[in-house]
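In: give me a 3D structure for the following:
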Amino acid sequence: MPLSDRILGHFQSSAQTALDAAAVLAPGIEQAARLIVHALADGNKILACGNGGSAADAQHFAATMINRFEQERPGLAAIALTTDTSTLTAIANDYAYDQIFARQIKALGQPGDVLLAISTSGNSANILQAVGAARARGIHVIALTGRSGGGLAEQMSESDVFLCVPAESTARIQEVHLLAIHCLCDAVDSVLLGVEE
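Out: Predicted structure coming up:
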């Protein structure tokens with residue numbers, strides 16, 4: 001197969017996965033946006049975490065909340081739990097890697113906050129621990145995952161928002177995660193700025 005055809009195939013696969021996910025994810029993204037707006041209106045904050053590419057997504061989300069997405073607005077309270085290498089390595093060294101987010105949530109999280117937990121498989125041990133810590137602190141959870149949702153699916157309660165990309169490929173799931181995050185940021189801004197129809 002020519003390399004150009006292989007590249008075209010990735011574009012087509014990505015576009016199809018996004019289209020397949022749209023109807024599945026749209027209601028949940030709206031629910032997540034309203035949960036975030038409600039938390040922010042009550043003076044709470046959003047915490048975000050993930051590993052690898054999902055860590056980058058958590059940081060991208062927090063950056064768009066604190067700075068802006070596409071519309072001018074005041075900064076919104078968000079923290080990516082993936083960025084402080086001293087804290088991450090201290091927890092991993094002194095306790096365990098699966099505690100790197102949970103210990104931060106226990107220290108920084110308050111009832112009414114929201115945790116955006118990102119895991120393509122839904123089985124990352126430190127994400128599962130983070131969700132458990134969030135639940136113990138009265139923090140709402142938005143789970144962004146793929147495949148079957150893994151262990152995250154089993155941890156969800158009725159007050160949580162479960163966004164599961166219907167795909168198997170890690171690359172395709174991550175691509176839709178970024179699109180979902182952009183949709184979430186736009187939806188939050190639309191509600192806050194009164195441009196919602």
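In: for this structure, which helix is longest?
Out: As assigned by DSSP state H, the longest helix anywhere in the chain is helix 3-41.
In: can you point out the buried residues in it?
Out: Of all the residues in helix 3-41, those buried under the rule 16 or more other C-beta atoms under 10 Å are 14, 17-18, 21, 25, 28-33, 35-37, 39-40. All C-beta spots, glycine's among them, are computed from the backbone N, C-alpha and C.
In: among those residues, which one sits closest to Ala77?
Out: Proximity of the buried residues of helix 3-41 to Ala77, judged by C-beta to C-beta, is greatest for Leu40, which lies at 6.5 Å.
In: tell me the contacts of the nearest residue to that closest one once chain neighbours are set aside?
Out: Using C-beta to C-beta, 6 or more residues apart in numbering and skipping the chain neighbours, the partner closest in space to Leu40 is Leu76 (5.7 Å). Applying C-beta atoms under 8 Å, 6 or more residues apart in numbering, we find Leu76 in contact with 40, 46, 65-66, 188, 192.
In: so which of the residues you listed sit within helices?
Out: 40, 65-66, 188, 192.
In: in those, find the pair that's most separated.
Out: Using C-beta to C-beta, the two most remote members of the ones in helices among the contacts of Leu76 are Ile66 and Leu192, lying 14.0 Å apart.
In: more neighbours: which of those two?
Out: Between Ile66 and Leu192, Leu192 has the larger neighbour count (other C-beta atoms under 10 Å), namely 18 against 14.
In: and the nearest residue to Tyr95 once chain neighbours are set aside, helix, strand or coil?
Out: Nearest-residue entry for Tyr95: Arg103, 6.9 Å, with adjacent residues in sequence omitted and distances by C-beta to C-beta, 6+ apart. Classification of Arg103 by DSSP: H, G, I helix; E, B strand; the rest coil places it in helix.
In: residue contacts, Arg103?
Out: Arg103 makes contact with 91, 95, 133, according to C-beta under 8 Å, 6+ apart.
In: okay if I get the residues you listed as JSON lines plus neighbour count?
Out: Supplementary listing: these in JSON lines, determined by neighbours: other C-beta atoms under 10 Å:
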{"residue": "Ile91", "neighbour count": "20"}
{"residue": "Tyr95", "neighbour count": "12"}
{"residue": "Ala133", "neighbour count": "20"}
